[in-house]
Structures are given as structure tokens and as C-alpha cells.
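In: Turn this into a model:
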Amino acid sequence: MIRSGRADTMRIGVLALQGDFALHARALEKCGVEAVEVRKPVELDEVDGLIMPGGESTTLLKLIDAWDFVPALEKFNSAGKPIFGTCAGLILLAREVESPKQLSLGLIDVTVVRNAYGRQRESFEASGTAKLGPDPSQLEMVFIRAPRIKRVGPGVQVLAEHGGEPVMARQDRVLVATFHPELTDSTKVHRYFCDLVERSRAGA
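Out: Now for the predicted structure:
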């Protein structure tokens, strides 16, 4: 983990309560960005963007509640700082969660179905079309007990699809993916989020 402390350095936090946070930090560092492992709500004040990684959403909810993260995350979002949720992180950010229903932060207007692609043994790799720049490109995707985006609200932009279904979406400064980009060699998705954070820092 890099901690330069320079005021002009973009710093992106990775929620490090549970899940594959270390791989997200490594991907950010490949993008030349300072990665900060966030374990306490007060540490959100030190970062310009936040990644909420995959893991087990019920466990993450309990830890977020135990550490009183919800008010800090809502403040972070209200301040216009970008958030990126992958897999379980998407579940926590969604407006509505099904199968079963559970509490969520409601920061992006999508409905997700938990574990919709099957259990751990049914995990798979695939490729899909992504719109992360002016031209569509192919994107590597790793699905592990992945949720499915069942509904996309009118203010949500679909950025990537697999099998005709949305697997990556964005609403304003909240970005979500059903898959695990940190498990591939590509940094396309992390670079897209870094660009989003940089534009936010610039007031765009």
C-alpha cells in the first residue's frame, strides 16, 4: 500500500473489511494511483474515491453496521466522491435487493438478484462488450457467485453487457459491476474509475 501523503496525489480507498480488497489495491497501483485500505469511517475523509469489493454481502452489511459506516458512506456520496462496487459491493449500493431481500444503501437505481449466476462451483469467465471510451471494446469478466442486474433505472447508463444482460452500470458518480475486474490482467475498468475520480477532483 502506497502512502505518499502528497496533497496533489489522487488517493482511492478500498473498503478493507472483508473480500478481495488487496487485489483492487494492486490494480489501482498498476494504474499509478495511491491505494488506501479503509477500515474506519473517518478514513473516508482521506480519499477521493472508494471501491467496495466483492465478498459476502450479508457479512459486509454486519461489519458496515458494526463500524457505523452508513452515515459516512452517505456523506461521501453526497460530497460527489465516486464509489465503485463490484459483486457484493454492487449489492450494497443497489436501490433494491432480491433473493432474499436485504438492506442496501440505495445509491444507484438498480434492482439486483443475489447469487443469480449460481454458487461458487458455477463460477465462470467470459467476455462482453463494454463502453468505457468512445468506441466499444471487449472486456474480460470473472463471475463468482455473481448477482444479476434485474432492473436499470432511467438515470442509469449500462456500460457493459454479457449475454444481452447488463453487468456494469453507472449513475452519476456511482459505478457498479456484477463481475470481478480485479481478477483479470486488464486494468480497463479500474482506469475508467480512476478517470471518473480525476474528473470529480477537477470539479467536472
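
In: Please tell me how far the residue nearest to the spatial centre of the chain sits from residue 168.
Out: Centroid check for the chain by C-alpha atoms, centre = their mean gives residue 85 as the closest residue, at 1.8 Å. For residue 85, the distance to residue 168 equals 11 Å [C-beta to C-beta, to the nearest Å]. C-beta coordinates here come from the backbone N, C-alpha and C atoms, glycine included.

In: Helices of this protein, residue ranges please.
Out: 21-30, 57-66, 70-78, 88-93, 188-201 (DSSP state H).

In: Looking at the ones you listed, which is nearest to residue 174?
Out: helix 88-93 (6.1 Å; C-beta to C-beta).

In: Now do the same for the closest one: mean pLDDT, whole number.
Out: Mean pLDDT, helix 88-93: 96.

In: Kindly export it (C-alpha atoms) in CSV.
Out: Only the C-alpha atoms of helix 88-93 are listed here, as CSV (Å, rounded to 0.1, in the frame of the first residue of the first chain):
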residue,chain,number,x,y,z
ALA,A,88,-21.1,-7.8,-3.2
GLY,A,89,-20.2,-4.1,-3.4
LEU,A,90,-22.9,-3.7,-6.1
ILE,A,91,-25.4,-5.4,-3.8
LEU,A,92,-24.7,-3.0,-1.0
LEU,A,93,-25.0,0.1,-3.3
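
In: check contacts around the residue nearest to the centre of the chain.
Out: Residues counted as contacts of residue 85 (C-beta atoms under 8 Å, 6 or more residues apart in numbering) are 51, 52, 91, 92, 93, 108, 174, 175, 176, 177.

In: Then residue 185?
Out: With C-beta under 8 Å, 6+ apart, residue 185 has these contacts: residue 140.

In: Distance of residue 84 relative to residue 8?
Out: For residue 84 relative to residue 8 (C-beta to C-beta), the value is 22 Å.

In: hmm, back to that, now do the shared contacts for residue 85 and residue 168.
Out: Joint contacts of residue 85 and residue 168 (C-beta under 8 Å, 6+ apart) are 175, 176, 177.

In: Skipping adjacent residues, who's closest to the second one in space?
Out: Counting by C-beta to C-beta, 6 or more residues apart in numbering, residue 90 is the residue found nearest to residue 176 once chain neighbours are left out, at 4.1 Å.

In: Around the one you found, how many other residues sit close by?
Out: 30 (other C-beta atoms under 10 Å).

In: mind listing what it touches?
Out: 110, 112, 147, 149, 176, 177, 178.

In: next one: phi and psi at the third one?
Out: According to degrees, to the nearest 10, the main-chain angles of residue 147 amount to phi -80, psi 160.
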